[in-house]
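**Q** below are the sequence and a predicted model; questions follow.
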Amino acid sequence: MWTKLKQFLWQWRGVMLVAPSMAGLVVGARFAGLLQVPELRAFDQFVRLRPQEEPDDRIVIVGISEADLQTYGFPIADGIFARALEKIAAGQPRAIGLDIYRDLPVPPAYENLIEIFRNDPSLIDRDPPIEPGYQKLVETFRNTPNLIGIVKVTSDETGEGRVAASPVLQELGQLGSNDLPRDTDAKVRRGFLYLTDQQSQELVFSLAFRLAMLYLEAQNIEPELTDNEWVKLGDAVFPPFESNDGGYVRTDAAGYQVLMNYRGPQKSFTIVELNDILDGKIDPERFRDRIVLIGSTAPSLNDYFDTPYSSTLIAAPEQMSGVEVHANLTSQILSATLDGRTPIKVLPEFWEWLLILAAATGGAILSWQWRYTQGFTKILPLAIAMVGWGGIAYLVFLNGWWIPVIPPILAVVLSSVTITVYVALTAANIRQAFSRYLTDEVVANLLETPEGLEMGGELRTITILTSDLRGFTSLSERLSAQEGPQKVVSILNIYLEAMAETITSYQGTIDEFMGDGILVLFGAPTQREDDPERAVACAVAMQLAMKGVNQQIAELGLPDLEMGIGINTGEVVVGNIGSQKRTKYGVVGSQVNLTYRIESYTIGGQILISQSTLDRVRDITHTNGEQQVSPKGVKEPITIYSVSGIDGNYNLALSQEKETFVVLRETVPLEYRILEGKHISETAFEGRLIELSDRSAKVRFDRSVRLLLNLKLRLRSRDGQEKSGSEFYAKVVKKSGEQDTDFLIRLTSVPPDVKDIFDRLYQESDSSTSSNIVSPRS
């Protein structure tokens, strides 16, 4: 269970590291206010994209247009307003909202004043002077109990910005605030139900809320407060705006604010002009049982506001008149109460955090799962995820919920980018590890050039080096059985690390590790004139490096390792071999096989090179022997040469040590079988062990054998019985002795029990030397 959990954690390490980190980063950015502007713009886009609702027939706007200003002048006289209000009131609307400041009397225009004096000269002597229009307006105010005027409550610390109410309407208590909170981009996305006058500390209902309450009184609906002090009208509850709701961050939430749920852009309500009412073109019945809002729609009066509809991608910005903004808020209250139109709701902060975490996790998972894809395929899932989330957020918005848009998308993007960077860093680590086996130049050629990873190959003359440990297969089998496979792996790691470091220093390309065998290329992918020289020098350096390897192996209580190396130069096909899904940079050709054959003839500590390689390095290479062999698959015999050192820029040499043999007091019988590759012959032959050294032996076989054969041998007791477990391996090196069946064999794999027997035989035998044989010693 723990193993599976560790495997799972490692497999998904990137996701588990990146997702919470990026979610935390986005949440931090969100509450630092860095995402407020783009989130509000996303909100605006959703508002503009949703289907426009039908006009609210319960509301009629009387707009004071530019034509009205040209007809009646500005400001419009009190008497004109009084006549308009009387005509509107005659239609018996449920509520009238006057979104025009009337804190001071407004006399008629000069030419109209002359006409008034001409008709009634006595007005001149009145105290105060003539204000017939204002008096008429006051009388109209007092006779219209469902009329609500406006007052501007909010102001700065000095009181600047407040506008007083009409004294009469204030006396009658028929006032509503027309304050509209604006966001940092000056747009109106929120509205008041009520707020507190900071000077009087009195509660002031907004114009929209007062008009809505007057309308709902006729249906016996009055405002209530829920247990958590939220406003409730009928079954509709209006959640108050909080400072961090939606995309907002630390926004002033004073008073009782709600998010504006606009019905549509400007001119989404029925609008009639003041002039048409005064001229009798509008039937007062049009206002029956409706809410009538009177306000400026003339652009020159500058009573316009930016709203979510003000910004578009291609069209010019459009502002909305203040009276239409109040109409939208009034309609929003009525629609939620009477029509079940859902107010805009937001997620609690905790759920918003979870949503961001889920988005970050989703983006990380997608990038992690697709981390090895290329091109458009790599970004397609992320593009779908981002577009998909935008679509989900829009559909949810249509149902009244404003859920975060920008933070989750940013979480997806950051997670994706971080995973990509993480994979890139991992790739850099892989490249660094790759560079342990290849030079930086080779890595650059493979990974950074356009043709470096293309499929296909080319004919090229290169030098090939193969190495293999003598007798390691039997050693690994024995160690696995006795101490477990970890021991074998630890030995291999020591050996391969030392060899890889040496090969890289000589600019060789490690094409493949095959257990304890290594295939190295000199001349691919980058070709140089001195490839054969570096190959031979590398081989000598590898043999010399075995001393350090064996020192580490000895610390593990294990016997020394010996390595054989074969080198050949020839024409091969080199390039990227495989399929688009899996590719291997390598070589193909008979010269590769020939190199393996040459290596198979080596004994421990030996380097054998072909004639083609010697021809290229003859001037600086030393050899200490040659031999004709007939490798499998080669028609004619070839000559191979044993290298003892190289001069030139390298000056490397293998130490040559003499082996001391002792003549056994009694020959030891044995049987042997011939190894051909991995195949062991079924026929067993006989022989006798005559002389012995610490690494070699002289054997008299029952028949002549071929040089460089690999043999599997088993000691027998002098009575002819085989010794249990006493198998060992050797290679026939050369003839030795007077008889044609006497041969020198090099011991390649000797298990501990056989080594003990050899040590005992060596000590019991005559110490006088039979012969001295020079052999390479790494």
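**A** Done, it's in.

**Q** and the helices in the stretch 651-778 of the chain?
**A** 752-764 (DSSP state H, counting those that start in this stretch).

**Q** any regions of it where pLDDT drops low?
**A** Along the stretch 651-778 of the chain, segments meeting pLDDT under 70 span 719-725, 766-778.

**Q** CA-only coordinates of stretch 44-51 in CSV, if you can.
**A** Taking Å, rounded to 0.1, in the frame of the first residue of the first chain, the C-alpha atoms of stretch 44-51 are listed here in CSV:
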residue,chain,number,x,y,z
ASP,A,44,-19.4,43.7,-18.1
GLN,A,45,-18.9,41.4,-21.1
PHE,A,46,-21.4,38.9,-19.6
VAL,A,47,-23.9,41.6,-19.1
ARG,A,48,-23.6,42.7,-22.7
LEU,A,49,-23.7,39.2,-24.1
ARG,A,50,-26.8,38.0,-22.3
PRO,A,51,-30.1,38.3,-24.1
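
**Q** what separates it from the chain centre, distance-wise?
**A** 31 Å (Cα atoms, centre = their mean, to the nearest Å).

**Q** in stretch 94-105, what counts as buried?
**A** Residues 94-102 are the ones in stretch 94-105 that count as buried (16 or more other Cβ atoms under 10 Å). For the C-beta atoms, the positions are set from N, CA and C on the backbone; glycine is no exception.

**Q** what do you get for stretch 68-84?
**A** Those would be 68-69, 72-73, 75-84, for stretch 68-84 by 16+ other Cβ under 10 Å.

**Q** show me these that map onto strands.
**A** Among those, none falls in strands (DSSP state E).

**Q** what is the most widely separated pair among these?
**A** Greatest spacing in the buried residues of stretch 68-84, by Cβ to Cβ: L69 and A82 (18.0 Å).

**Q** can you give me the strands for the stretch 1-150 of the chain?
**A** Remark: strands assigned in the stretch 1-150 of the chain by DSSP state E, counting those that start in this stretch are 59-64, 95-98, 147-151.

**Q** can I get the buried residues of stretch 94-105 in CSV including pLDDT and distance to A327?
**A** Shown next, in CSV, are the buried residues of stretch 94-105 (pLDDT from 0 to 100; distance: Cβ to Cβ, whole Å):
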residue, pLDDT, distance to A327
R94, 96, 14
A95, 96, 12
I96, 96, 13
G97, 95, 9
L98, 94, 13
D99, 93, 9
I100, 91, 14
Y101, 87, 18
R102, 78, 19
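
**Q** break the protein into its domains for me.
**A** Following automatic domain parsing, one finds the domains of the chain at 2-32+350-431, 59-339, 452-653, 656-777.

**Q** what residues does stretch 353-368 touch?
**A** 12, 14-15, 18-20, 22-23, 26-27, 30, 347, 381-382, 385, 389, 403-404, 407-409, 411-416, 418-420 (Cβ atoms under 8 Å, 6 or more residues apart in numbering).

**Q** among those residues, which are in helices?
**A** 14-15, 18-20, 22-23, 26-27, 30, 381-382, 385, 389, 407-409, 411-416, 418-420 (DSSP state H).

**Q** count of residues packed around the residue nearest to V754 when sequence neighbours are not counted?
**A** Closest residue to V754 apart from its sequence neighbours, by Cβ to Cβ, 6 or more residues apart in numbering: F728 at 4.7 Å. Neighbours of F728 under the rule other Cβ atoms under 10 Å: 24.

**Q** what does the one 5 residues further on give?
**A** Other residues within reach of V733, judged by other Cβ under 10 Å, total 20.

**Q** before we move on, what about the one 10 residues further on?
**A** Burial of F743 is recorded as 26 neighbouring residues (other Cβ under 10 Å).

**Q** any idea how far it lies from K735?
**A** 6 Å (Cβ to Cβ, to the nearest Å).

**Q** how about the helices in the stretch 51-200 of the chain?
**A** 66-72, 78-89, 110-119, 132-143, 167-172.

**Q** actually the stretch 401-550 of the chain, not the one I wrote
**A** Under DSSP H, counting those that start in this stretch, the stretch 401-550 of the chain gives helices at 406-434, 440-448, 472-483, 485-505, 531-555.

**Q** okay then, goodbye and thanks.
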